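In: Below are the sequence and a predicted model for it; my questions follow.
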Amino acid sequence: MCGIVGYIGTQQASEILIEGLRCLEYRGYDSAGIATVSEGEIHCIRAKGKLNNLQDKLMGHEMPGIVGIGHTRWATHGKPEEHNAHPHLDMTRRVAVVQNGIVENYRELREALKERGCTFVTETDTEVIPNLVIECLNQMKATGELSQHPSPLTEAVRRVVNQLEGAFAIVVLCVDYPDEIVAARQQAPLVIGFGLGEFFCASDTPAILPHTRAVLPLENGELATLTPLGVEVCNFAGQRLRKHPHLLSGASIAVEKHGFRHFMLKEIYEQPSVVRACLEAYIDREWTAKETTHPVQLGLPAELYADLQQIQIVACGTSWHASLVGKHLLEQLAGIPTQVHYASEYRYAPPPLTPNTLMIGVTQSGETADTLSAISMEKERRSNLAPAFRPRLLGITNRMQSTLTRLVDCAIDTHAGIEIGVAATKTFMAQLMAFYCLALDLAYQRKTISPDRLQEIITALRHVPSQIESVLADQEQRVEELAHDFSETQDFIFVGRGINFPIALEGALKLKEISYIHAEGYPAGEMKHGPIALLDAKVPVVAITMPGAVYEKVISNAQEAKARDARLIGVTPPTNPHAAEVFDDLLPVPEIEELLSPLLTVIPMQLLSYHIAARRGLDVDQPRNLAKSVTVE
Ligand code: AGP
């Protein structure tokens, strides 16, 4: 996580850096800082907390320089205090560094530097980097090597990154080389932007797009030297690489709340459009069961599906919950055995290799380090095997220009649009839609579904946007009122079964991350095997109770909770004949067939967590300790 930016050009750097950091604050907001170089001095200013604190500090403060670097932090090593905020300087204040990632061998490096007389003022892993760079430059000077390199700073950074272990992206500036900044990437994203006489680098394109559309994403093991004259790229071995920027399409991202109190609420309300966008992109509008043409157009190559025997999905957090719904669909509709793994676990305990296996990486950001590592590992371990075992990699993402899409063979674009709220809402909905489309596509091609049944599902999917709209229109006020009752509640339980069990997990995660209330999601039938001991009048239970195969069972499980005095909230159609008798409160959703019900049942979950957090006066869009894009393992 963390967002890093760099600028070299003709304008005052500090303003551009702050603007860039504003676009990257979703990556972390524990502290922020910038450093510029001018007149033989590094000017560095940092502040604990959000970017606004840094801006306040900058008011009336002279920050000269047309070259600079900036950082917004999600703390890994060292508390989120000002002294641990980036940029970090070497002990002689000649080199400044910002880092996104973790230097795993920093302890050894730090100890070795200490033995050589270096002193440290932070608890961070990053502080070793400027000290190693200056040490290297000093050595090069002592041995007369400086003149052998067109950019001694680049050479010093190159030698240093070869000593670092871990996943990181860094940007470095030095008072002795005031006309350049050096950026390096190893497993953490970094993009270079090409303007007219000015150059940028950043963890993500939104920080660059207001200035230029010409961008070059660095690959792992690459370094870029940015000067007012251009950009040179080389690899960590020092070989020069010929690389050219490409033009990004699309407008720069407008980050507006459009009258909503929080981005999260706006994004909840965008979900009908997200479903429409997916249907429009992937399902043939004219198709009927009589057609012989293919109704689902995902544009995936035929080799991906050939003789498919198994699917492995890797994902984290909310994307993992969407993948659990995906598993249900892929198994029940397309008949393909599917496993869903926490990406963070997969890499270190992968399942035995199986032939004709598709791996799907699901990540809205396309930058989640755990997910990327799991996919890289799978790609590597399958690369030299017999054809049936070769990697087949599919991504499901909202960011088609992310590291994920460069790693996989092909990707499904979820068309959700940028999501600012740290709590995923519309991107979850879009991931669900991607799985419905994928499962229907596979089912059609494998002939595990009849054309009539396919038409039935497609018709029902087309009603979903207006059904979501009706939940939002009818329920928001009711949920807001209900939320008032729970602003002091300490524990919540969410239960569901079958395809709605992942929605119970998602309801609990949403509540935890934005309201800081302890919440658990369980398969409703599992409560009696232990968790029911938690229940009493102080622990509300939200039961997702949709007509279908498990309906009666969930009703019984809900009764069991009620018998233990739990306040019972039913997410259920208003036509549910048991509703009044069983539930203390209702969060009605329209009738929908069970297979599609997660698309509706998740909406009250999102609204409930949103309103409880808002009622508690919490920072809904930027909850404590979290970041939108988790780029460390
Ligand atoms: C969602 O509300 C969370 N903030 C988090 O669990 C998130 O889903 C997870 O970090 C995975 O992110 P990704 O989809 O970008 O990979």
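Out: Ah, there it is.
In: Please name the nearest non-neighbouring residue to whichever residue of the chain sits closest to the ligand.
Out: In the chain, the residue that lies nearest the ligand is Gly317 (1.9 Å; CB to the nearest ligand atom). C-betas here are computed from N, CA, C, even on glycine. Among residues not flanking Gly317 along the chain, Leu509 sits closest, at 6.8 Å (CB to CB, 6 or more residues apart in numbering).
In: which residues touch the one you found?
Out: Applying CB atoms under 8 Å, 6 or more residues apart in numbering to Leu509 gives the contacts 317-318, 321, 519, 521.
In: hmm, back to that, could you report the neighbour count for the residue of the chain closest to the ligand?
Out: Burial of Gly317 is recorded as 22 neighbouring residues (other CB atoms under 10 Å).
In: Let's see the pLDDT reported for it.
Out: Looking at Gly317, its pLDDT is 97.
In: element containing the residue nearest to Gly317, please.
Out: For Leu509, the enclosing helix or strand under DSSP states H and E is helix 501-515.
In: For Leu308, give me its contacts.
Out: 336, 356-358, 442, 446.
In: and the one helix or strand Thr225 maps to, how far out from the chain's middle?
Out: Using DSSP H and E, Thr225 maps to strand 222-227. For strand 222-227, the separation from the chain centroid amounts to 26 Å (computed by CA atoms, centre = their mean, to the nearest Å).
In: strands paired with that strand, and their directions?
Out: With DSSP bridges as the test, strand 222-227 is paired with strand 181-186 (antiparallel), strand 230-235 (antiparallel).
In: any idea which helix or strand comes after the last one?
Out: Spelled out, it's strand 230-235. Per DSSP H and E, strand 230-235 leads on to strand 240-241 as the next helix or strand towards the C-terminus.
In: Partner strands of that following strand, with direction?
Out: Strand 240-241 has these strand partners (DSSP bridges): strand 230-235 (antiparallel).
In: so Lys141 is in which element?
Out: Applying DSSP H and E, one finds Lys141 within helix 128-142.
In: on that earlier part again, of the contacts of Leu509, closest to Leu608?
Out: Closest approach to Leu608 among the contacts of Leu509 (CB to CB): Ala519, at 10.3 Å.
In: what about the helices in the stretch 251-400 of the chain?
Out: With DSSP state H, counting those that start in this stretch as the criterion, the stretch 251-400 of the chain has helices at 263-269, 271-282, 317-334, 343-346, 369-382.
In: Just the CA atoms from the second one would do, formatted as CSV, please.
Out: Okay, so that is helix 271-282. Extracted in CSV, the C-alpha atoms of helix 271-282 (Å, rounded to 0.1, in the frame of the first residue of the first chain):
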residue,chain,number,x,y,z
GLN,A,271,-25.0,-0.4,-8.4
PRO,A,272,-28.0,-0.5,-10.7
SER,A,273,-25.8,1.2,-13.4
VAL,A,274,-23.0,-1.2,-12.7
VAL,A,275,-25.3,-4.2,-13.4
ARG,A,276,-26.6,-2.5,-16.5
ALA,A,277,-23.1,-1.8,-17.8
CYS,A,278,-22.2,-5.5,-17.3
LEU,A,279,-25.3,-6.7,-19.0
GLU,A,280,-24.7,-4.3,-21.9
ALA,A,281,-21.1,-5.3,-22.2
TYR,A,282,-21.5,-9.1,-22.0
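In: Next, the buried residues of that helix.
Out: For helix 271-282, the buried set under the neighbour-count rule, 16 or more other CB atoms under 10 Å, comprises 271-279, 281-282.
In: quick one: average pLDDT of it?
Out: On average, helix 271-282 scores 97.
In: Name the residues that touch that helix?
Out: Against helix 271-282 from outside (CB under 8 Å, 6+ apart): 296-298, 412-417, 425-426, 429-430, 433-434, 437, 461-462, 464-466, 468-469, 472, 599, 603.
In: ok, 7 Å please
Out: Under the contact criterion CB atoms under 7 Å, 6 or more residues apart in numbering, helix 271-282 has outside partners 296-298, 414-416, 425-426, 429-430, 433-434, 437, 461-462, 464-465, 468-469.
In: Of the residues you listed, keep whichever come out buried.
Out: Using 16+ other CB under 10 Å, the buried ones in these are 296, 298, 414-416, 425-426, 429-430, 433-434, 437, 461, 464-465, 468.
In: Could you list the contact residues of this protein toward the ligand?
Out: 316-319, 363-365, 368, 371, 422-424, 513, 626, 629-630 (CB under 6 Å from any ligand atom).
In: which stretches of the protein have low pLDDT?
Out: Within the chain, the ranges that satisfy pLDDT under 70 run 250-255.
In: Could you find the closest non-adjacent residue to Gln297?
Out: Spatial nearest neighbour of Gln297, chain neighbours left out: Tyr282 (5.9 Å); criterion: CB to CB, 6+ apart.
In: Please report the distance of the one you found from Val274.
Out: 13 Å (CB to CB, to the nearest Å).
In: what ranges do the strands span in the stretch 1-150 of the chain?
Out: According to DSSP state E, counting those that start in this stretch, the stretch 1-150 of the chain carries its strands in the segments 3-8, 31-38, 41-48, 67-73, 88-89, 95-103.
In: Partner strands of the first one, with direction?
Out: Sheet pairing here is set by DSSP bridges, and for strand 3-8 it gives strand 67-73 (antiparallel), strand 199-202 (antiparallel).
In: Which elements pack onto the next helix-or-strand element following the last one?
Out: What that stands for is strand 199-202. With elements assigned by DSSP H and E, the helix or strand that comes after strand 199-202 is strand 214-217. Counting contacts by 3 or more CB pairs under 7 Å, 6 or more residues apart in numbering; DSSP states H and E, strand 214-217 is packed against strand 191-194.
In: by contact count, what packs against the strand it packs on?
Out: Applying 3+ CB pairs under 7 Å, 6+ apart, we find strand 191-194 packed against strand 199-202, strand 214-217.
In: rerun at 8 Å
Out: strand 199-202, strand 214-217, strand 230-235 (3 or more CB pairs under 8 Å, 6 or more residues apart in numbering; DSSP states H and E).
In: hey, which of these is tucked in deepest?
Out: strand 199-202 (a mean of 29; mean count of other CB atoms under 10 Å).
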